[in-house]
Structure formats: C-alpha cells, structure tokens
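Q: below: sequence and its predicted model.
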Amino acid sequence: MSERSLLLPLSALLVVCAVLLPGVRAENAASPAVEQLAWMSGAWEGTAGRASLEEHWTPLAGGTLFGVSRTIVGGKTVAFEFLRIEERGDGVFYVAQPNGRPPTDFKLIKLEGLSVVFENLAHDFPQRILYRKNADGTLDARVEGERNGQLSGLDFHFRPAKKE
C-alpha cells in the first residue's frame, strides 16, 4: 500500500476518534477564547441619532461566529457589514467586511469575562473594536482609533432585538 493510500484511512480514523471518544478534542475545535465569545451571539438592535442599527451573530459552531450588521436611515440601508470571528494558528481574529469591501483582520488582544478587544494598529480607522455584554443583557460596541493624531471613537448600544 502506498503512503498516499494510507492518508485517507488515517485521517478518517482521526475524525471518527474525535467524534466518538468523549473528552477528546479535535485540533480544529474552537479554542477557549472563541468559546468564551458565545455571549455575542443573538440578534441586537439599537439607534444612533436618526439611524436604526442591527447586528446579528450566529451561535458558535465549528470554531466560528458569523455576523452581519445593517444601518438604516430614513427607511434606506446606508451601510452593511459581513463579520466573522475565527481561530487561526496565530490567534483569534475579528474579520470585518464593511459594504462588501475586502476583509480586514483585527486580532483578539484582551478577553476578560464578557468584554473583548480586537486590534489592528496598521488599519486606518478603526484600529480597535470592543464589545461588552452588560448585566442588564444589553451589548455595547465601540470602534476607536487615531484620526489626525487624536483618539476618536464611536459607541453603539444594543438591546436584544424584538422577535417577529
């Protein structure tokens, strides 16, 4: 039997062992950091001035969280974003794609309880993205960074979205 023909059966055996043996953790399962972000999942809504804001995060599965956001002003969508949080070999990353642009990565730099900070100092703005779940069940998000040599930021306050 060639080495190549052994690879498939060995990889299949590893998958079966990871699924069937209790307490065995597959290599690509979510890290404790990703698992500790499950509190972000859900449907969230808020306002900022005349804008209505929505952010939806899928439940944690496969080591990732997926999200979408939408900003509506005057009955029209004025901004949207595709989001994901994923584990990689060099850390956990928040990946943002505002208005369909190419992805920008922000690395998790701080995780304490129900508060997380992601950072990308090479990005123009924002350089940091922060989320915090509050005791009353609301979710705060902040984007911040340097603009013209000054620290600038935008704060968003979300409550659980009403079920339709």
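A: Great, that's in hand. Not measured: the values here are computed from a predicted model.
Q: correct me if wrong: residue 141 contacts residue 156.
A: Yes - if you go by CB atoms under 8 Å, residue 141 and residue 156 touch, sitting 4.4 Å apart. Glycine gets a C-beta too; all of them are placed from N, C-alpha and C.
Q: partner strands of the longest strand seen in the chain, with direction?
A: Secondary structure of the chain per DSSP state E: the longest strand is strand 76-88. Strand 76-88 sits in its sheet next to strand 64-73 (antiparallel), strand 91-98 (antiparallel), going by DSSP bridges.
Q: now the last one: buried residues?
A: Put plainly, it is strand 91-98. Neighbour counts over strand 91-98 (16 or more other CB atoms under 10 Å) mark 92, 93, 94, 95, 96 as buried.
Q: returning to what we had before: I'd like the strands paired with strand 76-88 as a markdown table, with distance to residue 33 appended.
A: Converted to a markdown table, the strands paired with strand 76-88 look like this (distance: least, CB to CB, whole Å):
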| stretch | distance to residue 33 |
| --- | --- |
| strand 64-73 | 11 |
| strand 91-98 | 5 |
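Q: do a quick rundown of the strands in this structure.
A: With DSSP E as the criterion, the chain has strands at 42-48, 51-57, 64-73, 76-88, 91-98, 104-112, 115-119, 128-133, 139-147, 150-160.
Q: quick one on the thing from earlier: go through the strands paired with strand 76-88 and name the closest to residue 114.
A: Residue 114 lies closest, by CB to CB, to one member of the strands paired with strand 76-88: strand 64-73, at 14.3 Å.
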